[in-house]
Every structure is written in C-alpha cells, then in structure tokens.
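Asks: from the sequence below, what's the structure:
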Amino acid sequence: MGNAQFSATGANGFLKVELAVDRAGELYIAYQEAAAVGRLNHVMHYTGTTWEVLGNSVNVAGERDNFNLAVHPNGKLYLAYSDGNALFVKTFNKQLNNWDAPVRVINTRVSEFDIQVAGDGIVYLAACIYTTEKTEVWKMDIP
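Replies: This is a model prediction of the structure:
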C-alpha cells in the first residue's frame, strides 16, 4: 500500500514497525530512524494513496526499537515509548495535528512492554521492569 519504502526522513533500515488499525479501517504505522543525536520515533497515517507523517517525531535518546502503537475505539492514537530511563505514553491530538504532552507511566527502565486498548476503551499497559525482571500490568486512564 503506498510506496514500497517510506519514511519521514528518506532513511532506510529500521528494524521494527508497529501497525494499528482503527474501527474505520484507517492504517497507522510507527517506526524508528537513527538521528544525528539518538533515535527518532515516527508515526505515519495511510491516506489511501500515500503515507503522511503525524505530528512531530519523538526523540528517545539511544533507546532502540522500544515503542508500541495502539488505537482506541473512538479513534484516538496512543504511542508508548521508552527513553531508557522511563516509559511514556502520548496521544495524538487530531485538532492540533500533533502529539499531546507525554504521560510518564513508569519512572524506571523497562525491558519490553506492550500497550493495548480493549473494545470498551480501557487502555492496558504491560511492562517488564528491567531492575526486578518482573512483569507488571497497568489499567490506564489517559484521556
């Protein structure tokens, strides 16, 4: 769909992509590219003919491929990401065409994590805490 190769900067070589589809069939994809300093997470939306960048990219320092994407039944897009020191969640504001301020969910390093939105709209986040190697699950209230 769209171009076989796409990116916000024209770069190639990202290793991880996250795909989310809303109830209306709108496609969103998140991926990461190297930057001059650190790494940048990008999210794109498929317009039906091409991919367009959504909002500003998110600099995650040197944290590689540690992000997830989910969509709420009402169409709100969630981007969860780690910067190596904490875990954050941002929501996309369609009126501003940019990301809302991040919410710091976990104030420590995580190994792996996932974000999912249930059919009733409840947002769940599961993460493996790096220091304890324990997995924790959060029920989140992020508007």
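Asks: bridging residues for residue 110?
Replies: Residue 110 has these beta-bridge partners by DSSP bridges: residue 129.
Asks: so where's the protein uncertain?
Replies: For the chain, the stretches with pLDDT under 70 are 1-15, 143.
Asks: now do 90
Replies: Within the chain, the stretches falling below the threshold (pLDDT under 90) are 1-17, 31-41, 49-51, 58-66, 83-84, 111, 140-143.
Asks: which residues in the protein form helices?
Replies: Counting by DSSP state H, one finds no helices in the chain.
Asks: which residues of the chain fall in strands?
Replies: 17-21, 27-34, 39-46, 51-53, 58-59, 67-71, 77-82, 87-93, 98-99, 103-106, 110-117, 123-129, 135-140 (DSSP state E).
Asks: what are the buried residues along the last one?
Replies: Along strand 135-140, the positions that meet the burial threshold by neighbour count (16 or more other CB atoms under 10 Å) are residue 138. Quick note: C-beta positions are derived from backbone N, CA and C, even for glycine.
Asks: before we move on, the earlier item: can you say which of the strands of the chain is packed in most?
Replies: Mean neighbours per residue, mean count of other CB atoms under 10 Å, is largest over the strands of the chain for strand 77-82, with a mean of 25.
Asks: convert that strand to CSV, retaining C-alpha atoms only.
Replies: Extracted C-alpha coordinates of strand 77-82, given in CSV (Å, rounded to 0.1, in the frame of the first residue of the first chain):
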residue,chain,number,x,y,z
LEU,A,77,-4.0,7.0,18.7
TYR,A,78,-1.6,6.0,21.6
LEU,A,79,2.2,5.9,21.3
ALA,A,80,4.0,4.2,24.1
TYR,A,81,7.8,4.5,24.2
SER,A,82,10.9,4.2,26.4
